[in-house]
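1. Fold the following for me, if possible:
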Amino acid sequence: MEFDLSWILLGLPLAFVLGWLASRFDLRQLRDENRRAPKAYFKGLNYLLNEQQDQAIDAFIEAVQNDPDTTELHFALGNLFRRRGEYNRAVRVHEHLLSRGDLGRADRDRAQHALALDFLKAGLLDHAEDALRRLEGTPFEAQARVALLAIYERSRDWSQAMTITQKMQDAHQGDFSARQAHFLCEQALGCSRQGNEAEAQKLLEQAVQTAPQAARARIELARLKQRGGKPQEALDMLLELAELAPASLPLAVPLMVELAGQTGDGRKVYDLLRQRYDLMPSLDLMDGIVALEASLGLGANSREWYVRHLEHEPSLVAAAKWLSDEKLENEEFHPQVQRALDQASKPLTRYRCAACGFEARQHFWQCPGCQTWDSYPARRVEEL
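-> Reported below is the predicted structural model:
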């Protein structure tokens with residue numbers, strides 16, 4: 001059969017026309033899709049700027065449906081869900097991103113971090129811990145470690161908290177020695193409650209070595225030695241604290257007074273407290289001095305110390321203590337006046353967190369309100 005070239009000449013223009021029409025159709029469709037996607041995106045952005053989150057979410061969902069490959073829209077949508085408290089929907093968005101095989105390394109790390117935040121906000125600490133651990137070796141590593149530390153502290157997993165703070169310290173994210181000493185003290189208290197005093201002492205000694213100027217480790221170790229029948233070693237521990245961290249001495253005064261009576265070193269402790277009081281007057285130091293004067297039989301009138309304290313500062317607490325032994329002209333009203341002063345001065349003897357303002361009758365090493373460590377000064381509210 002003879003091949004006719006005329007058919008080729010006729011087919012070439014036809015193929016060209018069909019190709020041109022197909023390209024025009026594809027371009028028009030692509031243009032329409034691109035028009036719809038940016039329009040929905042900018043509409044969502046406008047709603048977001050006007051704090052209309054419901055409408056913004058609807059617009060972003062429309063944009064994602066038109067262009068499923070847009071990762072930025074997925075991130076925006078997931079963040080909106082998280083801010084609204086719709087954590088399950090946020091998790092689905094970020095898990096969908098992680099399931100995509102074409103996602104780049106940077107976007108994958110970002111999606112993993114966003115997923116960890118979703119779990120944290122939802123209170124799913126186990127899932128959050130697993131998601132945060134996957135961020136090791138990524139640009140989000142430092143943030144992940146901070147979040148992991150918060151999880152371990154919240155769950156009171158002190159050994160894991162020790163591990164993560166050591167990693168952070170090795171990575172030069174800060175000095176965590178004081179916090180590590182707290183973790184060791186917490187573990188020691190747990191051992192002590194279980195009757196394992198030997199392990200508790202070992203942990204407290206490690207805490208003292210980790211943070212030599214940390215007051216808590218020395219005070220807890222002194223209490224442990226006192227229970228173990230070693231009052232002299234306990235007192236020596238607190239005398240070292242007075243040299244290394246004098247600002248924390250008021251917290252140790254009640255224990256020092258007890259140990260002074262047990263060791264016979266009352267005069268030595270008395271002289272130390274008087275010396276420190278002259279440098280930095282304190283209600284707790286004043287109470288310790290008054291107690292030691294009474295036990296040592298120095299013959300001093302305790303009321304004189306209250307007056308001396310009032311000379312330093314107008315203290316309602318000291319005034320109430322002074323008035324308790326004072327003879328009023330009209331004794332009939334003395335109990336009512338004393339009761340009113342005691343009631344008024346009671347809030348002034350509390351401790352206050354410097355981070356959140358939470359007040360408590362006892363001193364806390366970690367604030368029950370904001371969970372901040374060492375945020376309670378060693379001074380009463382009246383002295384701040």
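
2. list the contacts for the residue nearest to residue 361 when sequence neighbours are not counted?
-> Among residues not flanking residue 361 along the chain, residue 350 sits closest, at 5.6 Å (Cβ to Cβ, 6 or more residues apart in numbering). All C-beta atoms are positioned from the backbone trio N, CA, C, and that covers glycine. Neighbouring residues of residue 350 by Cβ atoms under 8 Å, 6 or more residues apart in numbering: 359, 360, 361, 380, 381.

3. Top of those residues by number of neighbours, please.
-> residue 380 (21 neighbours; other Cβ atoms under 10 Å).

4. From residue 375, how far out is the residue nearest to residue 361?
-> Going from residue 350 to residue 375 by Cβ to Cβ, to the nearest Å gives 14 Å.

5. tell me the SS of residue 375?
-> Three-state assignment for residue 375 (DSSP: H, G, I helix; E, B strand; the rest coil): coil.

6. can you give me phi and psi for the residue nearest to it when sequence neighbours are not counted?
-> Spatial nearest neighbour of residue 375, excluding adjacent residues (Cβ to Cβ, 6+ apart): residue 355 at 4.3 Å. Main-chain dihedrals, residue 355, degrees, to the nearest 10: phi -90, psi -40.

7. Equivalent analysis for the one 4 residues further on, please.
-> The main-chain torsion angles of residue 359 are listed as degrees, to the nearest 10 and equal phi -110, psi 150.

8. And it, how far from residue 351?
-> Distance of residue 359 to residue 351, given as Cβ to Cβ: 7 Å.

9. Pull up the overlap in contacts between those two.
-> residue 381.

10. just for the chain, where's the confidence low?
-> Residues of the chain meeting the criterion pLDDT under 70: 1-70, 299-303, 322-338, 341.

11. ok now do residue 157, which residues does it touch?
-> Residue 157 touches residue 151, counting by Cβ under 8 Å, 6+ apart.

12. Quick check on it: phi, psi?
-> Dihedral angles of residue 157 (phi, psi; degrees, to the nearest 10) stand at phi -90, psi 80.

13. Distance check, it against residue 113.
-> Counting by Cβ to Cβ, the separation of residue 157 from residue 113 is 22 Å.

14. now swap in residue 285 and tell me
-> 50 Å.

15. got it, and residue 196?
-> Separation of residue 196 from residue 113 (Cβ to Cβ) stands at 40 Å.

16. who's more crowded, these two?
-> Neighbours per residue, other Cβ under 10 Å: of residue 196 and residue 113, the larger number sits with residue 113, 22 against 14.

17. Surely the more buried one is in a helix?
-> Yes: under three-state DSSP, residue 113 falls within a helix.

18. Touching, it and residue 143? I think so.
-> Yes: between residue 113 and residue 143 a contact is recorded at 7.1 Å, counting by Cβ atoms under 8 Å.

19. Now do the helices in the stretch 151-300 of the chain.
-> 158-170, 177-193, 197-210, 215-227, 231-244, 249-263, 266-279, 283-296 (DSSP state H, counting those that start in this stretch).

20. And the third one, what does it pack against?
-> Right, helix 197-210. helix 177-193, helix 215-227 (3 or more Cβ pairs under 8 Å, 6 or more residues apart in numbering; DSSP states H and E).

21. which one of those is the most hemmed in?
-> Among these, helix 215-227 has the highest mean neighbour count (mean count of other Cβ atoms under 10 Å), at a mean of 22.

22. quick revisit: any idea which of the helices of the stretch 151-300 of the chain is most buried?
-> With neighbours defined as mean count of other Cβ under 10 Å, these peak in mean count at helix 215-227, which reaches a mean of 22.

23. and that one, what other elements does it pack with?
-> Contacts defined by 3+ Cβ pairs under 8 Å, 6+ apart place helix 215-227 against helix 177-193, helix 197-210, helix 231-244, helix 249-263.

24. Not counting sequence-adjacent ones, nearest residue to residue 184?
-> The shortest distance from residue 184 to any non-neighbouring residue, by Cβ to Cβ, 6+ apart, is to residue 207 (3.8 Å).

25. Surely residue 273 touches residue 291?
-> No: between residue 273 and residue 291 no contact is recorded; they are 9.6 Å apart, counting by Cβ under 8 Å.

26. quick revisit: how about CSV for the helices and strands packed on helix 215-227, with distance to residue 120 added?
-> What follows is those, written out as CSV (distance: least, Cβ to Cβ, whole Å):
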stretch, distance to residue 120
helix 177-193, 20
helix 197-210, 29
helix 231-244, 38
helix 249-263, 34
